[in-house]
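Trainee: Model the structure of this input:
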Amino acid sequence: MSSVSAGLRLTRYAHGGGCACKIPPGELEAVVAGLIPDGADDGAHPLLVGLESGDDAAVVGFGPGNALVLTADFFTPVVDDPYDWGRIAAANALSDVYAMGGRPIVAVNLLSWPRDVLPMEVAAEVLRGGADVARIAGCLVAGGHSVDDPEPKYGMAVTGSADPEHLLRNGAGRAGVPLTLTKPLGVGMLNNRHKSTGEVFPQAIASMTALNDVASRAALAAGAVCATDVTGFGLLGHLHKLSRASGVTAVVDTAAVPYLEGAREALAAGYVSGGSRRNLDWVSAHLDAGKADADELLLLADAQTSGGLLVAGEIPGHPVIGELVPARPGVTIALR
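Mentor: Okay, here's the model as predicted:
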């Protein structure tokens, strides 16, 4: 932490933190339902992926064998260190491109800042963190947009490229395919504890700042066609969307799901975000919980920030946590 931000608790300036601040998925789907087009276009630049299945980014065809991947993501401080917050927010925004099987090309910053409350030097640290992660990703950063806002927020709008014949989509899953998770869960619990106590969890920061580029390339190399990233809606929320869009049921082996060190302890101490509880409420009507208890369900619904990829396919070096099976009426996820 730099001298200008020493002792500063950025998370105190936000009503929530990270992707746990997302509008609840049920509410969001109702709001955007009227924006889904009829499917007609002029054929010049067809919209290959839009709002229909709630995928991670939009994809537009752009000439033979080329497609543009477009996304935007921003959120309130998830950690107190401004440089780390910038790194996490950038990695999270870039993840949407990787989740589609794309490669980020250029990004612009999105910054809301309470300029009369927090020094602009702190904002500069946030931007520096974002720029450093973008540089690691090989993604240019070209300006952006800022507003004076009572609550700090930061993220990026990212444009990437992809092969339209080799996309990763959340609606392309099929029965008989294993499910792989490329990062452990639990950052939501640890972030909530950090916000409440000031304790720093390096394992959570390391997970959130790690790019999903290698996992994305591995998924494509393995022939995968279906994936999503696990962020604010938790594993259960994003898996529900994937299963629903693909017309299958996901069976999850709860014992195979990896968690960060300290996540279960944070849960036991009561550090559960409202976003995680809303995630569980949303999927409950479509969930066969099996023998999973209330704590296990909250961990599976934990609102992640800059989580890993959930891939329909087996990716070397990452745990297989279940499989897709033929659809069961009314059930998108079954736990075993």
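
Trainee: Would you agree Gly50 is in contact with Val60?
Mentor: No - between Gly50 and Val60 there is no contact, the gap being 9.1 Å when judged by CB atoms under 8 Å. (Each C-beta comes from the backbone N, C-alpha and C, glycine too.)

Trainee: Enumerate every residue touching the spatially most central residue of the chain.
Mentor: Nearest residue to the geometric centre of the chain (CA atoms, centre = their mean): Thr231, 2.9 Å. By CB atoms under 8 Å, 6 or more residues apart in numbering, the contact list for Thr231 reads 19, 22, 92, 95, 238, 303-307.

Trainee: Include pLDDT when you put the residues you listed into TSV, please.
Mentor: Output for the contacts of Thr231, formatted as TSV (pLDDT from 0 to 100):
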residue	pLDDT
Cys19	50
Lys22	62
Asn92	97
Ser95	97
His238	96
Ala303	96
Gln304	96
Thr305	96
Ser306	97
Gly307	97
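
Trainee: what comes up buried for stretch 241-253?
Mentor: For stretch 241-253, a neighbour-count test (16 or more other CB atoms under 10 Å) marks 241-246, 248-252 as buried.

Trainee: scratch that, stretch 129-137
Mentor: For stretch 129-137, the neighbour count (16+ other CB under 10 Å) marks 129-134, 137 as buried.

Trainee: Now flag whichever of the residues you listed is closest to Gly160.
Mentor: Closest approach to Gly160 among those (CB to CB): Ala137, at 9.7 Å.

Trainee: For the residue nearest to the centre of the chain, give its distance to Val187.
Mentor: Distance of Thr231 to Val187, computed by CB to CB, to the nearest Å: 10 Å.

Trainee: Overlap in contacts, the two.
Mentor: In contact with both Thr231 and Val187: 304-307, using CB under 8 Å, 6+ apart.

Trainee: Which members of the residues you listed are classed as buried?
Mentor: Buried among the shared contacts of Thr231 and Val187 (16+ other CB under 10 Å): 304-307.

Trainee: Reformat the residues you listed into TSV and put distance to Val320 next to each item.
Mentor: Output for these, formatted as TSV (distance: CB to CB, whole Å):
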residue	distance to Val320
Gln304	19
Thr305	24
Ser306	22
Gly307	17
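
Trainee: Show me those that map onto helices.
Mentor: Of those, none are assigned to helices by DSSP state H.

Trainee: re the thing from before, among the contacts of Thr231, which one sits closest to Asp80?
Mentor: Thr305 (14.1 Å).

Trainee: Surely the closest one is in contact with Val79?
Mentor: No - contact criterion CB under 8 Å: Thr305 and Val79 do not qualify, at 9.3 Å.

Trainee: Can you tell me the SS state at Glu122?
Mentor: That one is not Glu; residue 122 is Val. helix (DSSP: H, G, I helix; E, B strand; the rest coil).

Trainee: so it touches Leu8, yeah?
Mentor: Yes - applying CB under 8 Å, one finds Val122 in contact with Leu8, separated by 6.7 Å.

Trainee: which helices and strands sit right next to the host helix or strand of Thr249?
Mentor: Following DSSP states H and E, one finds Thr249 within strand 248-252. In terms of contacts (3 or more CB pairs under 8 Å, 6 or more residues apart in numbering; DSSP states H and E), strand 248-252 is packed against helix 234-246, strand 320-326, strand 333-335.

Trainee: Not counting its own residues, what contacts it?
Mentor: Here strand 248-252 has contacts from 173-175, 179, 235, 239, 242-243, 300, 321-328, 331-336, using CB under 8 Å, 6+ apart.

Trainee: redo that, cut-off 10 Å
Mentor: In this structure, residues lying in contact with strand 248-252 by CB atoms under 10 Å, 6 or more residues apart in numbering are 173-177, 179, 181, 226, 235-236, 239-240, 242-244, 286-288, 290, 292, 300, 310, 312, 321-336.

Trainee: which of those count as buried?
Mentor: For these, buried by 16+ other CB under 10 Å: 173, 177, 179, 181, 226, 235-236, 239-240, 242-244, 286-287, 292, 300, 310, 312, 321-324, 332-335.

Trainee: hang on, the earlier thing: from the shared contacts of Thr231 and Val187, which is closest to Leu220?
Mentor: Gly307 (19.1 Å).

Trainee: Pull the contacting residues for the closest one.
Mentor: 19, 92, 95, 181-188, 207-208, 212, 228-235, 238.

Trainee: rerun at 6 Å
Mentor: 183, 230-231 (CB atoms under 6 Å, 6 or more residues apart in numbering).

Trainee: ok, back up a step: among the buried residues of stretch 129-137, name the ones in strands.
Mentor: Among the buried residues of stretch 129-137, no residue falls in strands (DSSP state E).

Trainee: Same list (those residues) but as a markdown table, adding distance to Thr197 and pLDDT.
Mentor: Output for the buried residues of stretch 129-137, formatted as a markdown table (distance: CB to CB, whole Å; pLDDT from 0 to 100):
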| residue | distance to Thr197 | pLDDT |
| --- | --- | --- |
| Gly129 | 23 | 98 |
| Gly130 | 26 | 98 |
| Ala131 | 30 | 98 |
| Asp132 | 27 | 98 |
| Val133 | 26 | 98 |
| Ala134 | 31 | 98 |
| Ala137 | 32 | 98 |
